[in-house]
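Trainee: sharing a model that was predicted from the sequence below.
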2 protein chains.
Amino acid sequence: MRAGPQVPVSLRHALIGLLADQPASGYDLSRRFQEVLGSVWPAGHPQIYGELRKLADEGLIEVDSEGPRGRKAYRATEAGVAEVRRWLTATEVEHTLRLEPLLRSVFFWLTTPEELAAHLDREAAYFHQLAAKLRDLAGAKDRGEYGHSPQTQSLRVTVEAGIRINEALEGWAAWAKEQGAKTKAGPESG
Amino acid sequence: MRAGPQVPVSLRHALIGLLADQPASGYDLSRRFQEVLGSVWPAGHPQIYGELRKLADEGLIEVDSEGPRGRKAYRATEAGVAEVRRWLTATEVEHTLRLEPLLRSVFFWLTTPEELAAHLDREAAYFHQLAAKLRDLAGAKDRGEYGHSPQTQSLRVTVEAGIRINEALEGWAAWAKEQGAKTKAGPESG
DNA sequence: AGCTGACCTGTTACTATCGACATGTGAGGT
DNA sequence: ACCTCACATGTCGATAGTAACAGGTCAGCT
């Protein structure tokens, strides 16, 4: 007899966590996922609606209110919040970093130096812009434009990670371009 | 009539790319994925064997040699290498960063300050160790212990990204811990 | 009253991913 | 000869994730 997944499934916990903050409908959650979590944990609405049903069946969330157009807002139950806490404190952190730009870099040797330089320029620009955007957001949060709730403070911490990672990647892309230029310009010197 | 995926599927390209470097069996590839790509693009052997069959059917790879125990080594075909090049130069880069530690950070407000501090210590230690390990690897590569082939140089670039990201995350975890301490120690001062 | 478009919730079918299981071979020890 | 373990390939079933399809409702306009 096989039960559900033995390994923690993060989407469930993310949904309960968002609902622990404030009640929301599947539609709301779908949008919040795109806005807030889109870049770290994408989820489309089919997946969200499906998961909400399961979570409700398991008693981890419950219907908070029903609105117009069949809108159903859910809220997290005590059991749900407990489950998120358990996930946060008692489960192994999965450190796998899935990032396509890094996968691509393994195969840079298949491209021409010109293509590579152009690619790295585009990447650096992308990381730079995203870091800048996140810095703005962090600044707004620090000025208190989103209040000072613990939820906002947590999100501020997440944003900080985004800033630092994207800055690191920007620097990396610039460094990689230099390396390529060196290899191209000076054939071998060893 | 629906054809295969319109969107690039990275696993295929990673496999062809590895085979363009040197011929390898499904078993070899499975291990190389775990060693080299495990932290940026995990893939189990069932997925790899399945994909190899499809790639062979499509003529992007072909059997290079057959060894004992039914071992089949594949090599990339011209068409396969061309497909990897197309992927590298002509497809959109997918910038989604899937990283569970970041997802968790959104819900830090659900934990106690003590648990959070302990968690961040563990995370910082993890990132620190991984960065150190990657720095060692980079040092060995820079000393020429893996030769100077373009393939090795590309991998060196990938490792550099790993170093920088993990250093950034280590700094982030330390910073986050400080933030938590501040919030805990000094209630509000604004 | 009728039209239109944004809102809101789903289903269907497909691909992607993964754990568990199944099968067999070759090398080296005893 | 026999055992054992690493090598090597694969299937099967379940879950995760996504694009495309489908359908109903309320607000605002005419």
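Mentor: Sure thing, it's come through. Because the structure is a prediction, the values reported are computed rather than measured.

Trainee: any part of the lengthiest helix in chain A near chain B?
Mentor: Secondary structure of chain A per DSSP state H: the longest helix is helix A:150-185. Yes - using C-beta under 8 Å from any C-beta of the partner chain, a contact is recorded between helix A:150-185 and chain B, made by A:150-151, A:153-158, A:160-162, A:164-165, A:167-169, A:171-172, A:175-176, A:179, A:183. Yep, even glycine has a C-beta here, placed from its N, CA and C like the rest.

Trainee: how about the residue nearest the centre of chain A, phi and psi?
Mentor: Centre of chain A computed as the mean C-alpha position; nearest residue by C-alpha atoms, centre = their mean is residue A:40, 1.2 Å away. Here the main-chain torsion angles of residue A:40 (degrees, to the nearest 10) amount to phi -110, psi -20.

Trainee: number of nearby residues for residue A:168?
Mentor: One way to gauge burial is a neighbour count; for residue A:168, by other C-beta atoms under 10 Å in any protein chain shown, it gives 22.

Trainee: ditto for residue A:87
Mentor: When neighbours are counted by other C-beta under 10 Å, residue A:87 registers 20.

Trainee: for the helix or strand where it lies, packing partners?
Mentor: Assessed by DSSP states H and E, residue A:87 sits inside helix A:78-90. When contacts are defined as 3 or more C-beta pairs under 8 Å, 6 or more residues apart in numbering or on different chains; DSSP states H and E, helix A:78-90 packs onto helix A:10-21, helix B:113-142.

Trainee: now the longest one: buried residues?
Mentor: Read it as helix B:113-142. Taking 16 or more other C-beta atoms under 10 Å in any protein chain shown as the basis for neighbour counts, the residues of helix B:113-142 that come out buried are B:116-117, B:119-120, B:123-124, B:126-128, B:130-131, B:134-135, B:137-138, B:141.

Trainee: cool, and stretch A:55-75?
Mentor: The neighbour-count check on stretch A:55-75 (16+ other C-beta under 10 Å) flags A:55, A:56, A:60, A:61, A:64, A:72, A:73, A:74, A:75 as buried.

Trainee: please name the nearest non-neighbouring residue to residue A:30.
Mentor: Sequence neighbours aside, residue A:45 is the residue nearest to residue A:30 in space, at 4.2 Å (criterion: C-beta to C-beta, 6 or more residues apart in numbering or on different chains).

Trainee: cool, residue A:111 as well?
Mentor: With sequence-adjacent residues excluded and distances taken as C-beta to C-beta, 6+ apart, residue A:111 is closest to residue B:88, at 5.4 Å.

Trainee: tally of neighbours for that neighbour?
Mentor: Residue neighbour count, defined by other C-beta under 10 Å, stands at 20 for residue B:88.

Trainee: what do you get for the one 10 residues further on?
Mentor: One way to gauge burial is a neighbour count; for residue B:98, by other C-beta under 10 Å, it gives 17.

Trainee: also near chain A: which of the buried residues of helix B:113-142, exactly?
Mentor: Near chain A, judged by C-beta under 8 Å from any C-beta, the entries from the buried residues of helix B:113-142 are B:119, B:123, B:126, B:130.

Trainee: which residue packs closest to the second one, ignoring adjacent ones?
Mentor: Closest residue to residue B:123 in three dimensions, ignoring its sequence neighbours and counting by C-beta to C-beta, 6+ apart: residue B:173, at 4.5 Å.

Trainee: cool, the last one as well?
Mentor: Once its chain neighbours are removed from consideration, residue B:130 has its nearest residue in residue B:166; the separation is 4.9 Å (C-beta to C-beta, 6+ apart).

Trainee: that neighbour is in contact with residue B:133, isn't it?
Mentor: No - using C-beta atoms under 8 Å as the test, residue B:166 is too far from residue B:133 to be in contact (9.1 Å).

Trainee: residues near the nearest residue to residue A:97 once chain neighbours are set aside, how many?
Mentor: Leaving aside its chain neighbours, residue A:97 sits nearest to residue B:99 (5.5 Å; criterion: C-beta to C-beta, 6+ apart). Residue B:99 has 23 neighbouring residues, counting by other C-beta under 10 Å.

Trainee: against DNA strand D, how distant is residue B:99?
Mentor: 12 Å (C-beta to the nearest atom of the strand, to the nearest Å).

Trainee: ok, that residue to DNA strand C distance?
Mentor: In this view, residue B:99 and DNA strand C are 14 Å apart by C-beta to the nearest atom of the strand.

Trainee: check which helix or strand residue A:65 maps to.
Mentor: According to DSSP H and E, residue A:65 maps onto strand A:61-66.

Trainee: got the angle between that strand and helix A:78-90?
Mentor: 130 degrees (axes from the mean of the first three to the mean of the last three C-alpha atoms, to 10 degrees).

Trainee: report all helices and strands that strand A:61-66 contacts.
Mentor: Counting by 3+ C-beta pairs under 8 Å, 6+ apart, the elements that strand A:61-66 packs against turn out to be helix A:10-21, helix A:45-57, strand A:72-76.

Trainee: low pLDDT regions in chain A?
Mentor: Segments of chain A classed as low confidence (criterion: pLDDT under 70) are A:1-8, A:183-190.

Trainee: run the last query once more with 80
Mentor: For chain A, the stretches with pLDDT under 80 are A:1-8, A:182-190.

Trainee: ok, the closest residue to DNA strand C within it to residue A:14 distance?
Mentor: Scanning chain A for the residue nearest DNA strand C gives residue A:27, at 2.9 Å (criterion: C-beta to the nearest atom of the strand). Separation of residue A:27 from residue A:14 (C-beta to C-beta, to the nearest Å) stands at 16 Å.
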